[in-house]
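J.: Turn this into a structure:
(2 chains)
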Amino acid sequence: MKNKSDLAESDSTEEVSFKRKRGFRLMGLNLNADGAVKGFFGGNAYLAILFLLFICIFLFKSAIGFIPGYRTELAEARISGIEAANHINYQLVGYDALYTKINQAFINERRDRFGDLETVVPIYEELESIVDDKLEDEVDEYTELDDGDKKEASALALKESIKNASAKLSREALLKKIKARLPETDTISDEAYARALIYAEQYALNDYETPDEISRIPAMINEQMGGFYKAVEAIKHSDDDLRQIYASIEKKSQVTYRTISNNRKNQESIDELSKNIESLDTDPSNKRDSTRSAAMTKRIAELKPKIVDIDTAENIKFVYNEISKHDAAADKMISEFQVGVDLLAKAEVKTEKSEILIKESSRLFDELKEISNERKSLLAEWNHEKPVTLWNSVTAFFFGADWKTGSDRQNLYGLMPLFTGSLLISLVAMLFAVPLAIGAAIYVNQFATKREAGFLKPGIEFIQAIPSVVLGLFGVLVVAGLLQGLSECGWLSWVPGFPIQDRLNVLLAGILLAFMACPTIFTLAEDALNNVPKAYTEASLAMGANKLQTALKIVVPASLSGIVAAIMLGFGRVIGETMVVLLVAGNKARIPDLSNGIGVIGESVHTMTGIIAQEYGEVEPGVLHWKALFMVGLVLFLISLSINSVCQRVIAKRSK
Amino acid sequence: MSNPFQTKQGWNQRKERLSFWSLRICTYIIIAAAIFIFSNIFMKGVPTFFKAEAPYINTEFFTESPQILSVWEDQDGQEYSMTKKNYEQWIVAHPEKEIIGLKNLTASGGGILGPLAGTFLLVVICMIIALFIGVSASIYLSEYCGKGKIMSMIRLSILNLAGVPSIVFALFGLGVFCWLAPVITDVPKDNAAFVCGWLWTDSYLSFQGWGTSLLAGSCTLAIMVLPVIITACEESLRAVPKGFREASYALGATQWQTIRKSVLPFAIPGVLTASVLGITRVAGETAPIMLTATMSEKSTLPWEQVEGPWSFLTQSVQALPFHIYTLAKFPDSEHVKPMQYGSIAAFLILVMGFALLSMMLRNRLRNKLKW
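T.: Model prediction:
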């Protein structure tokens, strides 16, 4: 410190004589009381700094092993043929998405044309089972009667008891059962119910004979759907061959893959253990070490038989054999699908929703064709002996489109779905938070009276203290329902993405995070506005500008860098937030479908922070999954560190 | 006579008014959202704290730990929900009733004593560690170190670390404290990173970590809050005018005497504010303790069934934020609602209390200490 050195200088000249020397010097350290105190504080400071440095090193060290580890796994997947199966799977996934769309359009159209008619069948079948179970005796009794008055009276009684028995089955229970078969059914109309009841009575009165109408209904519906029905039928089974090839490759190569990777893991632990044994004291008199080494030797003996020989050559031959059939199957799928799509184009479509779905599906079909061609060429080039480079594993992590863990299959660690999810949520949050918080900052700083600012400022800053988990739970319990209700309002249907399909979605997470980011942005932006010299404002007002002009044209531009820093710091806070997104983002690890435009805000996503919090419990230190999570943590760390350092520099420069 | 600038002026005024009101609405939207959240939580949560008959306070909620809640219906469609213990007694008492659709909901019955105690312990241990290191480090940084380039770089990096997401600290804590920290034990685990003999005894010094434990959680929280505390304390130390120190040196005091007598007393309120701020942050954090310290179900309280300080520190605890996270898994069940809202209201009151305290301290400080 400057003062001290000044004093020291004056000390050294004249006042040396009455300076009391306590303590002694040792190796350049001054061991008197003052020195000890300084050493104590300094030690703590360096401890803190070391700890913070250690965090960075530890994160890097734990994460960096991921790249070679992932490379090994990718190489194993290649040699066992899983990679080939994955190429086929991509096509099947594309097919499934497409088929679901078309099927939805079909169901939608059918519902529009026939209304409740199709629900009659399942309702009837439920009622039929009631008749079978509960009224068996009565029906038997009735059928034994001869024709006549008695039979007529008995028929009436029978009808009455069927009605009573069916009334006991609550509508909700009935709906649940029907929903299992026709997933898009929301209600059971009285009409359909009454109709099914009549059929059920007929069934009983005709001595357990299903009425013809019932068996005719589905056929009739399908017939009347005409071209549409044929199209769906054509599409339905077009993927069979491809799926079969996929299943056979998958089954065989999965076994190989698991064996190979288990062998490697066991070998690794054996190596580790033998290394540990070597480091121990071999002297038998050292009891402590000898018991330990005995335990480890035993463990090695346990592990050794687990390593089994495997013939990869035979497996890979089978895979190549199956691959040779792939092109034909893929072509068949595409051509049959084409037939369906052509039929679809001719079929008449009445509802708007179906029309949109069909339009979308024709776009998706083009994509599927592309995917199929791409994968075909990839499979043609596919060679199980091609080495996997480190660069491959880096790109597979950073640009991989799948994050799949926890299953028997090969674990895939692709950052893309998580990164896009985090980014999307943060952008939506900023979209809400920036105008509100900046507007509030300008208002409080420039327009509000002193009294108003006196409660607005602490009020907004107070929000910062709400724990994120509370906000998350509140989102799940209250806001999710409100948002979904709002999205179903007719007058809001123009908003893209409305009505929202998933209860937990990007928009919900964005709104809650916006609320969290508001105080951060507000406080920093308000500080920045406050730092603008008063002379600027006064000069502007003196020139005849009004308050608004001064605020927007003088004060805001002068503090723009600070405001931008505030926004970025808010962004940094939002992208690193864990509990809210873990609770309300829906946690589906897939890349959001951006082809829907802004409608993407209605989807469920997963995030980088969420995945760590969700999967930490499944991993043991050192395994690849663990390293993958550290890799995600490192990416987060670097993102937030770079945002922070840029912003802090801006803020530091401004406050000088 | 008409003013030629009249129309233009009017337009500008209108524009000003419009902007004024839209900015004002922006501000009040934020405030309204906050009021909506607070009132909603309190209105639904506070009824959990009370009950209809004497003593009017729901003592069970504050004196019991979370238990499994059993929910079922009997044959008449009557719904029941009780803690599992009561449920077992109930079936014995009512053998004639049929039980339909029995569901066991984790941690949804009973009270919140266990989580409250866990949170309290975590915060206290964390603050002891963080304040000890943080305050001394900030004294060193502001009083003993100069303003060199390296020092300002260190300061900047500490400031940057304050903004790192808590989940990253959590991951670090999981890796270091739960899986790597040294333990003295007789039977080291296989997956220990490094094992060596401990002095001359028969035990080992094994780097196998403290597991999911109170200590690991507190240390993680301490490291997380360290940058915040260092920055805030240093700021308050720097705010003490230079003249105080110079006057003290001029009287012949040593540096330590100067710090103790003429710097620290004036910085204490600031340090206090920093520590309350730290508590607010620590108490509200979920991710770090979720990874390093907590479990959702535990029948004993932290001070029951422990054999000495080490086993006390290395036990896993319940914590209020994690308890709330566990409850979020049942968004639709009506029977969990009292527990859910009660827990978040209690937690909110706790954290808000600290936040309010820190704000009041800061305001008093601003008004009182002016030089």
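
J.: And for residue 295, the neighbour number?
T.: In the absence of a named chain, this looks at chain A. 14 (other Cβ atoms under 10 Å in any protein chain shown). Any C-beta I mention is one placed from the backbone N, CA and C, and that applies to glycine too.

J.: that's the wrong chain, I meant chain B
T.: If you count neighbours by other Cβ under 10 Å, B:Met295 ends up with 15.

J.: what's the answer for the one 5 residues further on, then?
T.: The burial count assigned to B:Thr300 is 11, neighbours taken as other Cβ under 10 Å.

J.: any idea how far chain A is from it?
T.: According to Cβ to the nearest Cβ, to the nearest Å, B:Thr300 and chain A sit 22 Å apart.

J.: for B:Ile184, helix, strand, or coil?
T.: strand (DSSP: H, G, I helix; E, B strand; the rest coil).

J.: Now do it, the pLDDT please.
T.: We have a pLDDT of 82 for B:Ile184.

J.: On the strand side of things, show who it bridges to.
T.: Taking DSSP bridges as the rule, B:Ile184 bridges to B:Leu205.

J.: Stretch A:618-628 near chain B anywhere?
T.: Yes. Between stretch A:618-628 and chain B, judged by Cβ under 8 Å from any Cβ of the partner chain, the touching residues are A:620-622.

J.: buried subset of those?
T.: A:621-622 (16 or more other Cβ atoms under 10 Å in any protein chain shown).

J.: just the residues of stretch A:618-628 next to chain B now: which is nearest chain B?
T.: Ranked by distance to chain B (Cβ to the nearest Cβ), the residues of stretch A:618-628 next to chain B are led by A:Pro621 at 4.5 Å.

J.: Touching, the closest one and B:Trp179? I think so.
T.: Yes. Counting by Cβ atoms under 8 Å, A:Pro621 touches B:Trp179, with 4.5 Å between them.

J.: Next, the buried residues of the longest helix belonging to chain A.
T.: Identified as the longest helix of chain A according to DSSP state H is helix A:240-279. Under the neighbour-count criterion of 16+ other Cβ under 10 Å, helix A:240-279 has A:241-243, A:245-246, A:248-250, A:252-254, A:256-261, A:263, A:266, A:269-270, A:273, A:276-277 buried.

J.: give me the subset of the residues you listed touching chain B.
T.: Among the buried residues of helix A:240-279, proximity to chain B is found for A:273, A:276 (Cβ under 8 Å from any Cβ).

J.: what about chain B, any weak spots by pLDDT?
T.: Counting by pLDDT under 70, the low-confidence segments of chain B come to B:1-9, B:54, B:190-191, B:368-371.

J.: ok, which stretches of chain B are strands?
T.: Ranges of strands within chain B are B:66-73, B:79-83, B:100-110, B:182-185, B:195-197, B:204-207, based on DSSP state E.

J.: Redo those as CSV? Include mean neighbour count.
T.: Shown next, in CSV, are the strands of chain B (neighbours: other Cβ atoms under 10 Å in any protein chain shown):
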stretch, mean neighbour count
strand B:66-73, 21
strand B:79-83, 17
strand B:100-110, 18
strand B:182-185, 16
strand B:195-197, 16
strand B:204-207, 19
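
J.: Serialize those to JSON lines and add fields for distance to A:Ser166.
T.: Output for these, formatted as JSON lines (distance: least, Cβ to Cβ, whole Å):
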{"stretch": "strand B:66-73", "distance to A:Ser166": "22"}
{"stretch": "strand B:79-83", "distance to A:Ser166": "25"}
{"stretch": "strand B:100-110", "distance to A:Ser166": "21"}
{"stretch": "strand B:182-185", "distance to A:Ser166": "68"}
{"stretch": "strand B:195-197", "distance to A:Ser166": "72"}
{"stretch": "strand B:204-207", "distance to A:Ser166": "69"}
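
J.: Quick check: which of the ones you listed is nearest to A:Leu156?
T.: strand B:100-110 (34.5 Å; Cβ to Cβ).

J.: From the rest of the structure, what touches that closest one?
T.: Contact with strand B:100-110 is made by B:60, B:64-75, B:81-84, B:296-297, B:323, B:326-327, B:329-330, B:333, B:335-336, B:339, as judged by Cβ atoms under 8 Å, 6 or more residues apart in numbering or on different chains.

J.: now swap in stretch A:83-92 and tell me
T.: Contacts of stretch A:83-92 with the rest of the structure, by Cβ under 8 Å, 6+ apart, involve A:74, A:77, A:239, A:242-243, A:245-246, A:249-250, A:253, A:319, A:323, A:326, A:330, A:333, A:368, A:371-372, A:375, A:378-379, A:382, A:384.

J.: What parts of the stretch 1-150 of chain B come near chain A?
T.: Neighbours of chain A within the stretch 1-150 of chain B, by Cβ under 8 Å from any Cβ: B:12-13, B:15-16, B:19-20, B:22-24, B:26-27, B:29-31, B:33-34, B:37, B:40-41, B:132-134, B:136-141, B:143-146.

J.: who touches B:Val168 in this structure?
T.: By Cβ under 8 Å, 6+ apart, the residues touching B:Val168 are A:59, A:576, A:633, A:636-637, A:640.

J.: A:Ala551 contacts A:Gln446, doesn't it?
T.: Yes. Using Cβ under 8 Å, A:Ala551 is in contact with A:Gln446, at 4.2 Å.

J.: So these two - more neighbours on which side?
T.: A:Ala551 (23 against 18).

J.: Tell me the predicted confidence for that one.
T.: Per-residue confidence (pLDDT) for A:Ala551: 88.

J.: Pull the contacting residues for it.
T.: A:Ala551 neighbours (Cβ under 8 Å, 6+ apart): A:442, A:446-447.

J.: among those residues, which are in helices?
T.: A:Ile442.

J.: Can you lay out the contacts of A:Ala551 as a markdown table showing pLDDT and distance to chain B?
T.: As requested, these are arranged in a markdown table below (pLDDT from 0 to 100; distance: Cβ to the nearest Cβ, whole Å):
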| residue | pLDDT | distance to chain B |
| --- | --- | --- |
| A:Ile442 | 92 | 6 |
| A:Gln446 | 88 | 8 |
| A:Phe447 | 88 | 6 |
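
J.: for the contacts of A:Ala551, which one is nearest A:Leu492?
T.: Nearest member of those to A:Leu492, counting by Cβ to Cβ, is A:Ile442, at 29.1 Å.

J.: how much space is there between the closest one and B:Arg238?
T.: To B:Arg238, A:Ile442 is 30 Å away according to Cβ to Cβ, to the nearest Å.

J.: which of these two has more neighbours?
T.: Higher neighbour count among A:Ile442 and B:Arg238: A:Ile442, with 25 against 15, using other Cβ under 10 Å.

J.: hang on, isn't that one packed against A:Val556?
T.: Yes. Contact criterion Cβ under 8 Å: A:Ile442 and A:Val556 qualify, at 6.8 Å.

J.: can you count the residues close to whichever residue of the stretch 51-200 of chain B sits closest to chain A?
T.: Residue nearest to chain A within the stretch 51-200 of chain B (Cβ to the nearest Cβ): B:Pro165, separated by 2.6 Å. Per other Cβ under 10 Å, the neighbour tally for B:Pro165 reads 25.
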